[in-house]
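In: coords please:
(one chain, ligands or ions: 1)
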Amino acid sequence: MQQLAGLEMITEASRYFAGQVDDPLEATERAHAVLHTLCDMLEQIADSLPRDISKRTCASLGGDMLPLLRDIHQFEEDSLYPLAIQRLGATPQVHSTIRRLQYEHCEDECFAEELSDALRELGGDDAPKNPEATGYMLRGFFEALRRHIAFERDHLLSVVFDTDPDGLKRL
Ligand SMILES: [Fe+2]
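Out: Prediction:
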């Protein structure tokens, strides 16, 4: 996806998740699609460091990424995970899986906060101080986020929404 289209998708998703979300399946599909796009954009930045990055994209993601991530996590914790507990049963194993996913949300938000500063630095006028460390940080973040999304799709979505895993949108 082109960076401009990706930024527009992020802006649109930010508006959607800041408001009232009515359809949990649609919201989950949108959440995963936009996070998947975010991961691709961050990977592109990591691959383009230090000189071939788009400063505009970096500055924009530096401002928009964390609020969007927080809103999506809020939606999942308020809507998706309670639905998962309802469908899968409130067993210790299910609770432990949900706790693990919530912990990953927390970790990702902490990581995203640090990453936002680094992205804002990349989007600024000065040359980045340590592009290698920023690239390493970017890769750690999007790889963990991709694993988290894949787990939610493989283990929660088909059960929560009674959907054949092959019927879910391909990301
Ligand atoms: Fe999640």
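In: Report the secondary structure state of the most centrally placed residue in the chain.
Out: Geometric centre of the chain, nearest residue: L35, 3.5 Å, by CA atoms, centre = their mean. Three-state call for L35 (DSSP: H, G, I helix; E, B strand; the rest coil): helix.
In: got a pLDDT number for it?
Out: pLDDT recorded at L35 is 97.
In: repeat for the one 10 residues further on
Out: Note for I45: predicted pLDDT of 95.
In: Likewise for the one 4 residues further on?
Out: L49 is assigned a pLDDT of 89 by the prediction.
In: Contact partners for it?
Out: The contact partners of L49, by CB atoms under 8 Å, 6 or more residues apart in numbering, come to 122, 128, 131-132, 134-135. Quick note: C-beta positions are derived from backbone N, CA and C, even for glycine.
In: what about E113, neighbour count?
Out: 13 (other CB atoms under 10 Å).
In: check which helix or strand covers it.
Out: helix 92-123 (DSSP states H and E).
In: Give me the phi and psi for K129.
Out: Main-chain dihedrals, K129, degrees, to the nearest 10: phi -70, psi -40.
In: ok, now how distant is it from D117?
Out: 12 Å (CB to CB, to the nearest Å).
In: helices and strands around whichever strand or helix holds Y16, which ones?
Out: Using DSSP H and E, Y16 maps to helix 3-18. Under the contact criterion of 3 or more CB pairs under 8 Å, 6 or more residues apart in numbering; DSSP states H and E, helix 3-18 touches helix 24-48, helix 55-75.
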